[in-house]
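> Generate coordinates for the sequence data below:
(one chain, ligands or ions: 1)
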Amino acid sequence: MDLSVALGRLSLANPILVASGTFGYAKEAAPFVDLGRLGGIVPKTVTSLPRAGNRPPRIVETASGMLNSIGLDNDGIDHFIEHHVPYLSRQGTRLIANVAGKTEDEFPSLVAKLDLVAGVDAIELNLSCPNVSGGIDFATKPEVTERVIRRCYESTGKPILAKLTPNVTDILSIADAARQGGADAVTLINTLVGTAIDWRKRRPILSNVVGGLSGPAIKPIALRMVMMVARKVAIPIVGVGGISTLDDVMEFLIAGASAVQLGTVNFFDPSSSMRMLDDLPTAVASLGASSVQEVIGTLEWPR
Ligand code: SIN
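All right, here's what the predicted structure looks like:
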C-alpha cells in the first residue's frame, strides 16, 4: 500500500500529521507515539518574541470538544530554533514549523529566519489564531491573506501551508487568495470562536471571555469546508477539526483532503495516530485502491 501524499512541494510518507498546539514540541508525546511513523509534526505556534499567553483559566471542556484561549504562549522563534528544532528534526518525520506574526511584516521575517534552518521541512502560517488581538484578521480578507502569503513565499524556498479560520462567511475566496499568494496547501480549519459561562457566578469561565472551539463537535463544519474548497479551489488541503478515528480520517480524504492533522484527540487518546496508521492500509484497500492518493477527493456528488 502506498501511503505517500504530496502537499504541493512537500512530500509526506503518509497523510497523518499532528496539529499545532496539541502536541507540544513532541517530547511530551514521545511515550505514547512512535514519532517517526507520523507523516509530520506541526509544533506549537512560535512568534518573534516570547509570549506568556492569556491569563488562566484558558481551557474549558465542552460537549464533545474543548475551548482554548491560550493566546500563543511560546518562548519565541530563537528559542524554538535553538532548543526544539534539533530534537524535532531527528525524529525521521517531516517537521512543519508553525509561525504567527503580530503584523503583516512579522510573517515574512519569521519565515526568512526559518528558511535558514536545516531540518525545518515546511512552514505553516498561523493566519487564524482567535485568541490574540488581530489574530484571525490575516485570514478574513482575501487581499490581506494573499499579500501576507506572497511575501512569505518570496522569503523562503520552503513549502508554505496557510492555516485558515472558519470564522468567515466565504472560505472559498480566502482559500483562493492563499492559492494565488503561492501557498502549497491550506490547512482547514482552525478553531471556531465560542464561549463558556458559569451561570452561578454570572461570569465567563475563560479569562479571555472567548476561546477557540475544537474537538469532535466541530468535525462536520471542518469536513464541509474541506469538501467545498476541494470542489472549487485548486490547492491541496490539510483537513483538521475533530478528527479522532480512522473513519474520520477516511471521510476527510474522500472529501478532498490530501492529509489530516490530529488535534484535540491528542489530549484524550494520545496514541490514536498509531492505531490509525496501523489500520489505514486496510481501509484504503477496502475501497479497491492501492494508494492513498487514489482515494483523495473521490466523493461522489449527488446528481
Ligand atoms: C492559542 O495559542 O491561542 C491557540 C492557537 C490558535 O488557535 O491558533
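> and the one helix or strand M66 maps to, what does it pack onto?
Per DSSP states H and E: M66 is located in strand 65-68. On a contact count with 3 or more C-beta pairs under 8 Å, 6 or more residues apart in numbering; DSSP states H and E, strand 65-68 meets strand 59-62, strand 210-214. To be clear about C-beta, it is placed using only N, CA and C from the backbone, and glycine gets the same treatment.
> For the first one, the averaged confidence score.
Right, the one you point to is strand 59-62. Averaged across strand 59-62, pLDDT comes to 98.
> partners of it, with directions?
Strand pairing for strand 59-62, using DSSP bridges, gives strand 65-68 (antiparallel).
> How about the last one?
Strands adjacent to strand 210-214 in the sheet, as given by DSSP bridges, are strand 65-68 (antiparallel), strand 192-195 (antiparallel).
> Mind listing residues that contact the first one?
When contacts are taken as C-beta atoms under 8 Å, 6 or more residues apart in numbering, the neighbours of strand 65-68 outside the stretch itself are 21, 58-60, 131, 191, 194-196, 206, 211-218, 242, 264, 267.
> can you check stretch 199-214 too?
Contacts to stretch 199-214, defined as C-beta under 8 Å, 6+ apart, come from residues 54-60, 62, 65-69, 71, 129-131, 190-198, 241-242, 263-264.
> can we see that at 6 Å?
With contacts defined as C-beta atoms under 6 Å, 6 or more residues apart in numbering, stretch 199-214 is touched by 54-55, 57, 60, 65-69, 130, 191-198, 263-264.
> Cross-check those against the ligand and keep the overlap.
When C-beta under 6 Å from any ligand atom is applied, the members of these adjacent to the ligand are 68, 130, 191.
> Most neighbours among these, please name it.
Highest neighbour count within these, by other C-beta atoms under 10 Å: T191, with 29 neighbours.
> Tell me the bridge partners for the residue nearest to that one when sequence neighbours are not counted.
Closest residue in space to T191, ignoring its immediate chain neighbours: G212 at 2.6 Å, by C-beta to C-beta, 6 or more residues apart in numbering. When bridges are called by DSSP bridges, G212 pairs up with N68, V193.
> Just want to check the distance between G212 and the ligand.
Applying C-beta to the nearest ligand atom, to the nearest Å, the value for G212 to the ligand is 5 Å.
> What parts of the chain come near the ligand?
Within reach of the ligand by C-beta under 6 Å from any ligand atom, the chain has these residues: 21, 45, 68, 70-72, 126, 128-131, 190-191, 212.
> Sort out for me which of those residues are in helices.
Judged by DSSP state H, helices contain none of the residues of the chain next to the ligand.
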